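Novice: Starting from these lines, generate the structure:
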Amino acid sequence: MKTRRRLQVEPMESKTPPSSGLAGSGLAEKLTVSHATARPGEPIVLTATLTNVTDHDVTVADGPSRDGFVVSRGGKEVWRSGAGMMSAMFLVQKTLHPGESITTHATWDGQVAPGHDSGPTGTFHVTTRREPDGPGATVTIEPAHHPGKHGH
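Specialist: Residues are numbered from 1 along each chain as shown. The predicted model follows:
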């Protein structure tokens with residue numbers, strides 16, 4: 001027995017299409033980090049809040065490939081949340097009503113992923129996959145303090 005399915009089509013004029021960036025989308029993103037300064041291995045909570053700042057509904061593509069974080073140093077990526085996930089297959093369309101938000105969290109351990117030539121300390125730039133060219137946030141990883149060494 002065959003099952004018939006109906007395809008429902010909605011006019012695009014009533015929807016804001018998902019964007020690859022946020023410019024002109026009616027969405028504002030706020031990115032925060034739990035610590036601006038940390039030591040290697042110290043957990044840093046990354047939080048991104050995407051808010052509909054319009055007076056109408058906005059539809060966004062959401063899922064692991066869109067809502068993650070990227071940490072870079074000197075323009076080179078050194079860590080990515082959810083690295084290795086087959087995330088492109090898990091996008092869903094979400095409608096944000098005026099003033100409504102989606103919040104995403106990830107924890108970076110302040111370590112550079114294996115295979116990167118960037119040292120473990122220095123200043124790192126955090127952005128989201130949703131807005132990779134956005135203002136982002138900065139985290140400085142300072143050298144670990146070892147009490148009792150060098151006369152301290």
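Novice: Name the nearest residue to residue 103, sequence neighbours excluded.
Specialist: residue 49 (4.7 Å; Cβ to Cβ, 6 or more residues apart in numbering). Any C-beta I mention is one placed from the backbone N, CA and C, and that applies to glycine too.
Novice: do you know how far the closest residue to residue 97 other than its chain neighbours is from residue 27?
Specialist: Using Cβ to Cβ, 6+ apart and skipping the chain neighbours, the partner closest in space to residue 97 is residue 57 (5.6 Å). Residue 57 is 12 Å from residue 27, where distance means Cβ to Cβ, to the nearest Å.
Novice: now swap in residue 140 and tell me
Specialist: Taking Cβ to Cβ, one finds residue 140 at 29 Å from residue 27.
Novice: These two: who's more crowded?
Specialist: Higher neighbour count among residue 140 and residue 27: residue 27, with 23 against 12, using other Cβ atoms under 10 Å.
Novice: residues near the residue nearest to residue 108 when sequence neighbours are not counted, how many?
Specialist: With Cβ to Cβ, 6+ apart as the criterion, residue 108 has its nearest non-adjacent residue at 4.9 Å, and that residue is residue 44. Applying other Cβ under 10 Å, we find 21 residues neighbouring residue 44.
Novice: if we can go back for a sec, count the residues that sit near the residue nearest to residue 103.
Specialist: By the measure other Cβ under 10 Å, the count of residues near residue 49 is 14.
Novice: same deal with residue 108?
Specialist: 23.
Novice: which secondary element of the chain has the worst mean pLDDT?
Specialist: Across the helices and strands of the chain, mean confidence by mean pLDDT, DSSP states H and E is lowest for strand 58-62: a mean of 85.
Novice: Done for today, thanks.
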